[in-house]
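A.B. asks: Could you look at this predicted model? Sequence included:
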Amino acid sequence: MSHTVSLPKPSSSVVDSPQRRILLLLLLILPWPKLVMTSSAFTVALRRRGDRVSANNICQCSEKPDGRLTVRCSGLRLAQVPVGLSNLTMRLFLDKNLLSSLPADSFSDLLLLDELDLSHNQLSSLEAGCFRGLASSLRFLDLSSNRLSTLDPAALGGLRAHTNLTHNPWHCDCRMQLSTPQLDLDPSSLSEVVCQTSDLPNLGAAGRPLVLLVEDWDLCLSVRRATDVVMLVTMFLWFSAVISYLVYYIRQNQEDARRHMEYLKALQGRQV
């Protein structure tokens, strides 16, 4: 004789318990680890919050037999240079991102860095010391297709790298004239380093290649003239102040001498 044993059905209170609801809610809200590591949406979220992204999570690395690394962080919509870059990095590709500026010491730990690609970003400023530590190692620097208008010598920090400066809205001034000799510009691209604006607007400088403009004009001449004028005005004011003091001093002594003579005459008159 067989017996059928019926199991009790779980009550609705067990199925819909608060603990189970909380567990299901957490499973729906919490992100999966793999999505955090690889999703471009994660990178965009970090960019919007301004957080620094770890290069170990998002960049592709390839190692040479000597242990040096080539790191590619291209096209990741990064707004800042990622952290955690290995000091064995020899080639670093940060092209096609959203970098708008380079703060000081952005690459100071990468003492072996030989090639740096920053092309196709939104760079509009390079802070002083942004390439600090790279003067002795960096040989190739790509700053093309950005929004750079000025090139401050303090930002270069003594770099002697083979540099691409094409496709930027350059304002050609004295700083540009002093900075470009530090760099080994590609001769084939010199004609594409064009002055969109300049300190010589009335001489047809806008739209001319920088190399031709520097050959024809001294962009630092106006700065030197302004400095000379300031020095002349300062010296004139200083001499004027000295002469005014001397005139005042002489007149004051003459007045004191006159009063002293009148006093002596008065004494002699009383004695008589």
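C.D. replies: Done, it's in. Numbering: from 1, shown residues only.

A.B. asks: Quickly find the element holding Ala206.
C.D. replies: Ala206 is part of no helix or strand when elements are defined by DSSP states H and E.

A.B. asks: So Gly207 sits against Ser191, correct?
C.D. replies: No: between Gly207 and Ser191 there is no contact under C-beta atoms under 8 Å: 11.9 Å. Heads up, the C-betas are built off the backbone N, CA and C, glycines and all.

A.B. asks: can you list the weak-confidence ranges in this protein?
C.D. replies: The model of the chain has pLDDT under 70 over residues 1-51, 188, 200-205, 213-217, 219, 222-236, 239, 263-264, 269-272.

A.B. asks: would you list every one of the strands in it?
C.D. replies: 60-63, 69-72, 89-93, 101-102, 115-117, 125-126, 140-142, 162-164, 170-172, 184-185, 195-198 (DSSP state E).

A.B. asks: Contacts only, for Cys59.
C.D. replies: Residues near Cys59 by C-beta atoms under 8 Å, 6 or more residues apart in numbering: 71-73, 76, 82.

A.B. asks: Please apply the same query to Arg259.
C.D. replies: Contacts of Arg259 by C-beta under 8 Å, 6+ apart: none found.

A.B. asks: again, but for Gln122
C.D. replies: With C-beta under 8 Å, 6+ apart, Gln122 has these contacts: 98-100, 146-147.

A.B. asks: Quick one: which of those residues is the most crowded by neighbours?
C.D. replies: Top of those by neighbour number is Asn146, holding 22 neighbours under the definition other C-beta atoms under 10 Å.

A.B. asks: so how many other residues sit close to the nearest residue to that residue once chain neighbours are set aside?
C.D. replies: Excluding the flanking residues, the one nearest Asn146 by C-beta to C-beta, 6 or more residues apart in numbering is Leu123, at 4.0 Å. Neighbour count for Leu123, taken as other C-beta under 10 Å: 21.

A.B. asks: How much space separates Leu123 from His162?
C.D. replies: Here Leu123 is placed at a distance of 18 Å from His162 (C-beta to C-beta, to the nearest Å).

A.B. asks: Please report how far Gly157 lies from Cys195.
C.D. replies: Here Gly157 is placed at a distance of 24 Å from Cys195 (C-beta to C-beta).

A.B. asks: Among these two, which residue is more densely surrounded?
C.D. replies: Cys195 (23 against 18).

A.B. asks: Might you report the residue contacts of that one?
C.D. replies: Cys195 makes contacts with 170-172, 205-210, 213, as judged by C-beta under 8 Å, 6+ apart.

A.B. asks: Quick check: bridge partners of it?
C.D. replies: Cys195 has the following beta-bridge partners by DSSP bridges: Trp170.

A.B. asks: when you give positions from now on, start the count at 482
C.D. replies: Will do, 482 is the new start, and the previous item becomes Cys676.

A.B. asks: separation between it and His648?
C.D. replies: As defined by C-beta to C-beta, Cys676 lies at a distance of 13 Å from His648.

A.B. asks: again with Arg533
C.D. replies: 28 Å.

A.B. asks: so which of the contacts of Gln603 comes closest to Gly548?
C.D. replies: Closest to Gly548 out of the contacts of Gln603 is Leu580 (27.5 Å), distances taken as C-beta to C-beta.

A.B. asks: The spatially closest residue to Asp654 that is not a sequence neighbour and Leu646: what is the separation?
C.D. replies: Using C-beta to C-beta, 6+ apart and skipping the chain neighbours, the partner closest in space to Asp654 is Asp680 (4.8 Å). To Leu646, Asp680 is 18 Å away according to C-beta to C-beta.

A.B. asks: Contact partners for the closest residue to Thr551 other than its chain neighbours?
C.D. replies: Nearest residue to Thr551, sequence neighbours excluded (C-beta to C-beta, 6+ apart): Arg572, at 4.3 Å. If you count contacts by C-beta under 8 Å, 6+ apart, Arg572 has them with 550-552, 594-596.

A.B. asks: does Arg572 have beta-bridge partners, and which?
C.D. replies: Bridge pairing for Arg572 - DSSP bridges - gives Thr551, Glu596.

A.B. asks: Tell me, how many residues neighbour Ser626?
C.D. replies: 18.

A.B. asks: Next: the one 5 residues further on.
C.D. replies: The burial count assigned to Thr631 is 16, neighbours taken as other C-beta under 10 Å.
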